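[1] I'd like to go over a predicted model; first the sequence, then the structure.
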Amino acid sequence: MSPQMMGLIVGGLLPALLYGVAGVFAKISTNAGMPVGSHLICIGLAVSGAGIALNHLLPGSSPSSTAVLSSGTMGLLWGLGTGLVALGLLKYQAPLAKLVPLYNMNTLVTVLIALFVFVEWRDVNLVRLMAGAVLVIIGGVLVSSS
């Protein structure tokens, strides 16, 4: 198996499974009455624990200030997004099965930014990318309106 294929499995398929199951636990948590702020605190503690474990298992060099700022910004944005998902579940009783396809269209935002910021448009088949993006949007609309 090529390193790139292994990277797609480790960095794509496995996280997709983990994020999918994590969404179910978000619904269980909010159904049990967990407030949004407390929900994020518990998630933050668990993420910190995973970070400590992975830092010991996969040690690296000291991060640069750019790396720290970027990771911190990612955490802030992810936390706000996760908090809004919990708010949608808790306060507005949005069905998880309809909510997840909508917030997972975040991939299109990431793809669009990566195409230009990291100049990845040179390395992708833009026709297939656009076709896939259209299918993701159609799927999200169909599932959320079902």
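    Nice, I can see it. Residues are numbered from 1 along each chain as shown.
[2] hey, let's count contacts and neighbours off CA atoms from now on
    OK.
[3] So which bits of the helix or strand hosting residue 49 are buried?
    Secondary structure assignment for residue 49, by DSSP states H and E: helix 36-57. For helix 36-57, the neighbour count (16 or more other C-alpha atoms under 10 Å) marks 36, 39, 40 as buried.
[4] wait, doesn't the second one sit right on residue 29?
    Put plainly, it is residue 39. Yes: Residue 39 is in contact with residue 29 according to C-alpha atoms under 8 Å; the separation is 7.5 Å.
[5] Check the spacing between residue 51 and residue 40 real quick.
    16 Å (C-alpha to C-alpha, to the nearest Å).
[6] How about residue 73?
    Taking C-alpha to C-alpha, one finds residue 73 at 16 Å from residue 40.
[7] Kindly report the same for residue 97.
    Residue 97 is 21 Å from residue 40, by C-alpha to C-alpha.
[8] got it, and residue 141?
    Taken as C-alpha to C-alpha, the span from residue 141 to residue 40 is 28 Å.
[9] Could you list the buried residues of the longest helix anywhere in the chain?
    Determined from DSSP state H, the single longest helix within the chain is helix 65-90. By neighbour count on 16+ other C-alpha under 10 Å, the buried set for helix 65-90 is 79, 82, 83, 85, 86, 87, 88, 89, 90.
[10] Turn these into TSV, including distance to residue 136 and pLDDT.
    Shown next, in TSV, are the buried residues of helix 65-90 (distance: C-alpha to C-alpha, whole Å; pLDDT from 0 to 100):
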residue	distance to residue 136	pLDDT
79	24	97
82	21	96
83	24	97
85	19	96
86	23	96
87	24	96
88	21	96
89	22	96
90	26	95
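[11] Make TSV out of those and add distance to residue 103.
    Shown next, in TSV, are the buried residues of helix 65-90 (distance: C-alpha to C-alpha, whole Å):
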residue	distance to residue 103
79	13
82	10
83	12
85	8
86	12
87	13
88	11
89	12
90	16
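[12] picking that back up, which other helices and strands does the helix or strand following the longest helix of the chain contact?
    Once helix 65-90 ends, the next helix or strand along the chain (criterion: DSSP H and E) is helix 96-103. On a contact count with 3 or more C-alpha pairs under 8 Å, 6 or more residues apart in numbering; DSSP states H and E, helix 96-103 meets helix 14-31, helix 126-144.
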